[in-house]
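**Q** after the sequence you'll find the predicted model.
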Amino acid sequence: MALRMCPHGYRQPQPLISAVSFTKSASRSFRFSVRSSIPESGQSRKLVLEVKEKLAKDYRSLPLGKYGRDDEEMILWFLKDRRFSVDEAVGKLTKAIKWRQNFGMSELTEEKVKRVAETGKSYVHDSFDVNGRPVLLVVASNHFPGVHDPEDDQKLCAFLIEKALRMLSPGKDDILGIVDLRNFGPANADLKFLTFLFDVFYYYYPKRLGEVLFVEAPFVFQPVWQLAKPLLKSYASLVRFCSVETVRKEYFTEETVPTIFKN
């Protein structure tokens with residue numbers, strides 16, 4: 001995917017971020033080549049069972065059940081992410097399951113993240129975008145590193161990701177992230193948290209983040225982006241810098257646009 005710049009949104013100097021584009025025909029060709037590498041359902045089932053057997057044999061200490069080493073839906077998703085390489089899927093899965101265990105994902109509740117959530121720094125929008133994707137919103141100007149324990153911020157982040165994913169409709173795989181950068185200042189900069197956010201998607205929720213909108217990014221955000229971009233790996237290509245007007249017109253209807261973007 002290409003990093004796109006909106007015509008009415010924030011424009012960075014060319015040396016800072018170079019735009020990349022694919023032709024429509026190239027995009028179609030790429031998608032076809034990916035699809036053609038996906039095994040038939042019977043073969044996929046066989047690979048899922050192979051991963052389960054490896055996990056049961058070599059990682060017996062990992063938990064069972066939902067998001068555990070025998071969760072076939074999760075196994076299939078990680079197989080798809082790793083292009084159906086059993087060994088690579090096992091490696092990434094064990095890391096993800098251990099992270100969930102150590103992070104205490106099963107214990108996170110609305111009540112436990114309430115104090116940080118009340119800042120309004122991040123929440124799940126109650127409507128889908130025009131593509132039917134759940135929407136995770138971040139209001140950067142409400143985030144002040146050091147005010148809350150960084151782990152509490154991370155727990156809110158993980159909790160909201162899971163909340164958004166539970167909203168997925170059948171046939172939908174990913175969510176839309178929107179970062180409102182209006183009124184962003186140096187006091188709001190948090191490279192460590194931004195890296196955590198993308199790492200979580202890269203390692204533990206692969207291919208669940210469809211696109212990220214950086215809305216009305218001010219000039220002072222440029223140094224943050226320059227530092228963050230190399231750390232975000234391939235996920236940097238999911239970022240689109242744009243304006244509030246673009247958010248309204250391209251991603252929502254008048255009825256579903258988030259309140260913070262209505263005026």
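**A** Everything's here; your move. Numbering: from 1, shown residues only.

**Q** what ranges do the strands span in this structure?
**A** Counting by DSSP state E, the segments of the chain that form strands are 122-124, 135-139, 175-180, 209-215, 239-242.

**Q** now the residue nearest to the spatial centre of the chain: how far from Glu162?
**A** In the chain, the centroid-proximal residue (Cα atoms, centre = their mean) is Leu209; its distance is 3.4 Å. Remark: distance between Leu209 and Glu162 (Cβ to Cβ, to the nearest Å) = 13 Å. The C-beta positions use only the backbone N, C-alpha and C, and glycine is treated the same way.

**Q** do the same with Pro170
**A** Separation of Pro170 from Glu162 (Cβ to Cβ): 18 Å.

**Q** list the residues that contact the nearest residue to Lys92 once chain neighbours are set aside.
**A** Ranked by Cβ to Cβ, 6 or more residues apart in numbering and with sequence neighbours excluded, the top spatial neighbour of Lys92 is Phe78, at 5.6 Å. Phe78 makes contact with 51, 89, 92-93, 96, 206, according to Cβ atoms under 8 Å, 6 or more residues apart in numbering.

**Q** which among those residues gets closest to Pro258?
**A** Comparing these against Pro258 with Cβ to Cβ picks out Pro206 as the nearest, at 26.2 Å.

**Q** buried residues in stretch 147-158?
**A** For stretch 147-158, a neighbour-count test (16 or more other Cβ atoms under 10 Å) marks 153-158 as buried.

**Q** stretch 217-224 now?
**A** By 16+ other Cβ under 10 Å, the buried positions in stretch 217-224 come out as 217, 221, 224.

**Q** please name the nearest non-neighbouring residue to the last one.
**A** I take that to be Val224. Per Cβ to Cβ, 6+ apart, closest to Val224 is Ala189, 5.1 Å.

**Q** what's the pLDDT at that neighbour?
**A** Note on Ala189: pLDDT of 93.

**Q** number of residues surrounding it?
**A** 20 (other Cβ atoms under 10 Å).

**Q** same check, this time on Glu255
**A** As a measure of burial, Glu255 has 6 neighbours, counting by other Cβ under 10 Å.

**Q** Gly171 versus that one, what's the distance?
**A** For Glu255, the distance to Gly171 - Cβ to Cβ - is 23 Å.

**Q** do the same with Glu250
**A** Distance from Glu250 to Gly171, by Cβ to Cβ: 21 Å.

**Q** returning to that earlier point: will you turn the strands of the chain into a markdown table that also has mean pLDDT and distance to Lys46?
**A** As requested, those are exported to a markdown table (pLDDT from 0 to 100; distance: least, Cβ to Cβ, whole Å):
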| stretch | mean pLDDT | distance to Lys46 |
| --- | --- | --- |
| strand 122-124 | 97 | 36 |
| strand 135-139 | 97 | 35 |
| strand 175-180 | 97 | 30 |
| strand 209-215 | 95 | 29 |
| strand 239-242 | 96 | 37 |
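
**Q** which one of those lies nearest to Asn263?
**A** Closest approach to Asn263 among these is made by strand 175-180 (12.8 Å; Cβ to Cβ).

**Q** number of nearby residues for the residue nearest to Glu50 when sequence neighbours are not counted?
**A** Setting aside the residues directly before and after it, Glu50 is nearest to Val86 in space (Cβ to Cβ, 6+ apart), at 5.3 Å. With neighbours defined by other Cβ under 10 Å, the count for Val86 comes to 17.

**Q** surely Val86 touches Leu79?
**A** Yes: Val86 is in contact with Leu79 according to Cβ atoms under 8 Å; the separation is 7.5 Å.

**Q** of all the contacts of Phe78, which comes closest to Val179?
**A** Set against Val179, the nearest of the contacts of Phe78 by Cβ to Cβ is Pro206 (20.3 Å).

**Q** about what we covered before: nearest to Glu111, out of the contacts of Phe78: which one, please.
**A** Nearest to Glu111 out of these is Ala96 (Cβ to Cβ; 25.2 Å).

**Q** neighbours around that closest one, how many?
**A** Neighbours of Ala96 using other Cβ under 10 Å come to 18.

**Q** my guess is it contacts Val200, does it?
**A** No: counting by Cβ under 8 Å, Ala96 does not reach Val200; the two are 9.9 Å apart.
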